[in-house]
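In: fold the following, please.
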Amino acid sequence: MNRRQLLRTGLLGGLGLVGSPMINLGRCRLAAQPAGIEVPTAAVDLVLGSTVVDMLGLLTLDWPKLFRWQRSPRTFVENDFRKLEASGVNVFHPAVETSSSNAHDAIRRWINNWRALLDAHPCYFSHVTTVSDLVVAPKVGKIGVLIGFQNSDHFRTLNDVEVFHRLGQRVSQLTYNERNRLGDGCYVRRDRGLTAFGAQVVAEMNRLGMVVDVSHCGERTSLDAVEVSQKPVLITHSNCKALVPGHPRCKSDRVIRRMAAGGGVMGITIVRGFVSRKGSPTVEDLLDHFDHVARLVGPEYVGLGSDADVDILDPRTGRERSIYHIRGMEPAVRVYQIAAGLLRRGYSRDDVELVIGGNFRRALLNVWLDATSWPVVPERLTRRDPFCPARIPARPFFAG
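Out: Okay, here's the model as predicted:
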């Protein structure tokens, strides 16, 4: 059995994908689903052979559980890791908006809480802060976590950008839905664009190697940010206004074109209201958004930005959260389904690999490579990892 076969066997077993024999005409059936959802083995192989990046991927939407993990990291156990591992995502960006009246202190606490969890589990996690982390973490079987936030109102002064960068923040959305000192959000009636302070913050983020995100920014503010930035600007999680007209959280073709011209990437969400105005959107409706960006600017500028966690379950009811209900999509294997859908629509394997992770990796590297504030190879990567028995051989997904 070669390495790819070993990886696939381990992953399919973890997902409950069966067949006797396992491979049946190039498709695998998800045993736990009464609907008999199938995942083509070509898509499984492609995902397993790629570094998958979800630029708005949450470890969990169960906030009490997340706070418990962060407060008492020992409560995060191997089964929790296995669920993340089985999703196919190698790097998560679990950004939030704190909705705090004191954003500066709230963001400090969030970062410290994340670092407590990540540092307590070096076998499972890597805090992605450098080029090396981004490249190495998936290769050694860890889940990479990028710390970012969906607002920049914690930047009270330019110096704060460096303060939070040193703490480990690597992505910052300039605004959330409303107006702040940097610019206007997408729900502001009259978008006045990036402020002078906002332009200074963008320049400082460029210098330090912090990613500029405009997912929730208004049209004018988004365009201004792309114009001012000397580095790629990302839309980590949004959808296409051409397909969902009038929705303030979706991006116009004009913004998408400008973003791509600057080397940025747009992540597509699975939020039902952003996917379609009709009552029950399908996987095909979701794929239409990937198609639209690819046709508009090329497949090199679109990626994954789910704006969800792995299972999208409401912990109060145990049922799927309705805002993520996409007909034909099984949350646990949605990365595989998206890869399969793109292959079915005629995308090459190379293009699909770019969409599920390669594009965001390229953009992140372009932002970070010539940043002057930290070494490319951090000292911690020169030390041996602790022995992690869970990685051998019980984790064949990352074996070899």
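In: helix/strand/coil for the residue nearest to residue 180 when sequence neighbours are not counted?
Out: What sits nearest to residue 180 in space, not counting adjacent residues and going by CB to CB, 6 or more residues apart in numbering, is residue 153, at 4.5 Å. (C-beta placed from N, C-alpha, C; glycine too.) Under DSSP: H, G, I helix; E, B strand; the rest coil, residue 153 falls in the coil class.
In: my read is that residue 153 contacts residue 181, right?
Out: Yes: using CB atoms under 8 Å, residue 153 is in contact with residue 181, at 6.8 Å.
In: now the residue nearest to residue 180, what are its backbone angles?
Out: Residue 153 adopts backbone torsions of phi -80, psi 0, taken as degrees, to the nearest 10.
In: measure how buried the nearest residue to residue 281 once chain neighbours are set aside is and give me the count.
Out: Nearest residue to residue 281, sequence neighbours excluded (CB to CB, 6+ apart): residue 275, at 4.5 Å. Look at residue 275: counted by other CB atoms under 10 Å, it has 26 neighbours.
In: quick one, helices of the stretch 51-200 of the chain?
Out: 63-71, 78-86, 103-120, 131-139, 158-167, 196-208 (DSSP state H, counting those that start in this stretch).
In: can you find the helix or strand of this structure with the lowest average pLDDT?
Out: Across the helices and strands of the chain, mean confidence by mean pLDDT, DSSP states H and E is lowest for strand 17-18: a mean of 43.
In: ok so, going back, just the pLDDT for the residue nearest to residue 180.
Out: Note for residue 153: predicted pLDDT of 95.
In: residue contacts, it?
Out: 103, 176, 180-182 (CB atoms under 8 Å, 6 or more residues apart in numbering).
In: and the gap between it and residue 202?
Out: Here the distance between residue 153 and residue 202 works out to 15 Å (CB to CB, to the nearest Å).
In: re earlier: among the contacts of residue 153, who's most crowded?
Out: Busiest of the contacts of residue 153 [other CB under 10 Å] is residue 182, holding 26 neighbours.
In: I figured that residue hits residue 193, correct?
Out: No: with contact defined as CB under 8 Å, residue 182 does not count as touching residue 193 (10.3 Å).
In: what touches both of these two?
Out: By CB under 8 Å, 6+ apart, the residues touching both residue 182 and residue 193 are residue 221.
In: so how far is residue 86 from residue 26?
Out: Taking CB to CB, one finds residue 26 at 21 Å from residue 86.
In: these two: who's more crowded?
Out: Ranked by neighbour count (other CB under 10 Å), residue 26 and residue 86 place residue 86 first, with 20 against 11.
In: what pLDDT does the model give the more buried one?
Out: For residue 86, pLDDT reads 91.
In: my guess is it contacts residue 334. True?
Out: No: using CB under 8 Å, residue 86 makes no contact with residue 334, being 11.6 Å away.
In: which residues does the nearest residue to residue 70 once chain neighbours are set aside contact?
Out: Nearest non-adjacent residue to residue 70, counting by CB to CB, 6+ apart: residue 113, 3.9 Å away. Contact partners of residue 113, counting by CB under 8 Å, 6+ apart, are 67, 70-71.
In: closest to residue 107 among those?
Out: residue 70 (14.1 Å; CB to CB).
In: is the closest one in contact with residue 119, as I believe?
Out: No: counting by CB under 8 Å, residue 70 sits too far from residue 119 to count as a contact (10.9 Å).
In: who's more crowded, those two?
Out: residue 70 (20 against 11).
In: and the pLDDT at that one?
Out: 97.
In: is residue 240 in a bridge, and if so with what?
Out: residue 251 (DSSP bridges).
In: let's have the helices of the stretch 51-200 of the chain in TSV, adding distance to residue 320.
Out: Formatted as TSV, these follow (distance: least, CB to CB, whole Å):
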stretch	distance to residue 320
helix 63-71	17
helix 78-86	15
helix 103-120	26
helix 131-139	28
helix 158-167	35
helix 196-208	36
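In: wait, which of these is closest to residue 42?
Out: Of the helices of the stretch 51-200 of the chain, nearest to residue 42 by CB to CB is helix 78-86, at 18.6 Å.
In: flag every buried residue along that closest one.
Out: In terms of neighbour count (16 or more other CB atoms under 10 Å), helix 78-86 has its buried residues at 80-86.
In: what of stretch 165-179?
Out: Going by neighbour count (16+ other CB under 10 Å), the buried part of stretch 165-179 is 165, 167-177, 179.
In: the residues you listed in strands, which ones?
Out: 171-173 (DSSP state E).
In: so for the helix or strand hosting residue 296, mean pLDDT?
Out: Using DSSP states H and E, residue 296 sits within helix 283-297. If you average the pLDDT over helix 283-297, you get 98.
In: go ahead and name everything in contact with the next helix or strand after it.
Out: Sequence order places strand 302-304 as the next helix or strand after helix 283-297, per DSSP H and E. Under the criterion CB under 8 Å, 6+ apart, residues 52-55, 57, 89, 265-268, 290, 293-294, 335, 338, 354-357, 359-360 lie in contact with strand 302-304.
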